[in-house]
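Peer 1: I'd like to go over a predicted model; first the sequence, then the structure.
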Amino acid sequence: MKYYKKLIGKKCYLSPISLQDAEKYCEWLNDLEVTKYTLLFRQQLSLQSERNILEQLQETGNYIFSIVDLQNDELIGNCSLFDVNHRNRKAMFGILIGNKKYWNRGFGTEATKLILDFGFNILNLHNIMLEVFDFNKRAIKAYQKAGFKIIGKRREAMILAGKKYDEILMDAIASEFDSIFIKENLEF
């Protein structure tokens, strides 16, 4: 698979998503260990439905990128800015590290920083928000390292295996974000 280095970090780079990766995403999105951290854990996806989803994502006004290991061009997952509101300069953020061998190695944090840099310095956004469940401690820590701050929670917003969990709301704003890619690579 050929990927394109749109935004490059030290460990990974972001590339436009490819329909050729539908099978890999289908594998990850049907893995309960991967999806229990997302709202997708209840879904059962076929390969064709995943292809359809990727096609639709490419046609929307959302910005979705594959996350690829810089060393070996291996697909790790994806991240996106969605529900983009250019007038009010805000968006929502989402990420999936589907390749479990890349968990706890800093790839999610770096990919998050890259897409925040893109959102703040290319799209000229001011506020980027996310939602994460309180049991996803690893993600919360990565988001905080990338520049997100906890701004609130929706109490008992998820019930999983009979247990209730809070949904944590986090955001990052442009004035508090330190560019890691854009400013140094796009200086004129």
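Peer 2: Arrived safely, thanks for sending.
Peer 1: am I right that residue 152 sits in a strand?
Peer 2: Yes: checked against DSSP: H, G, I helix; E, B strand; the rest coil, residue 152 lies within a strand.
Peer 1: so what's it bridging to?
Peer 2: Going by DSSP bridges, residue 152 is paired in beta bridges with residue 169.
Peer 1: where in this structure is pLDDT low?
Peer 2: Filtered on pLDDT under 70, the chain yields the residue ranges 39-43, 45-47, 58, 180-188.
Peer 1: nearest residue to the middle of it?
Peer 2: Among the residues of the chain, the one closest to the centroid is residue 95, at 2.0 Å (Cα atoms, centre = their mean).
Peer 1: using CSV, list the CA coordinates for the stretch of helix or strand that residue belongs to.
Peer 2: Element membership of residue 95 [criterion: DSSP states H and E] is strand 90-97. The C-alpha coordinates for strand 90-97 follow below in CSV (Å, rounded to 0.1, in the frame of the first residue of the first chain):
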residue,chain,number,x,y,z
LYS,A,90,-14.2,24.6,16.1
ALA,A,91,-14.2,20.8,15.4
MET,A,92,-14.4,17.4,17.1
PHE,A,93,-11.5,15.0,17.2
GLY,A,94,-11.3,11.2,17.1
ILE,A,95,-8.5,8.7,16.9
LEU,A,96,-8.3,4.9,16.6
ILE,A,97,-5.1,3.0,17.1
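Peer 1: what residues are up against the residue nearest to the centre of the chain?
Peer 2: Each residue near residue 95 by Cβ atoms under 8 Å, 6 or more residues apart in numbering is listed here: 67, 77, 78, 79, 80, 108, 111, 112, 115, 139. Where C-beta positions appear, they are placed from N, C-alpha and C, glycine not excepted.
Peer 1: can you check which helix is longest in the chain?
Peer 2: Ranked by number of residues, the top helix in the chain under DSSP state H is helix 107-121.
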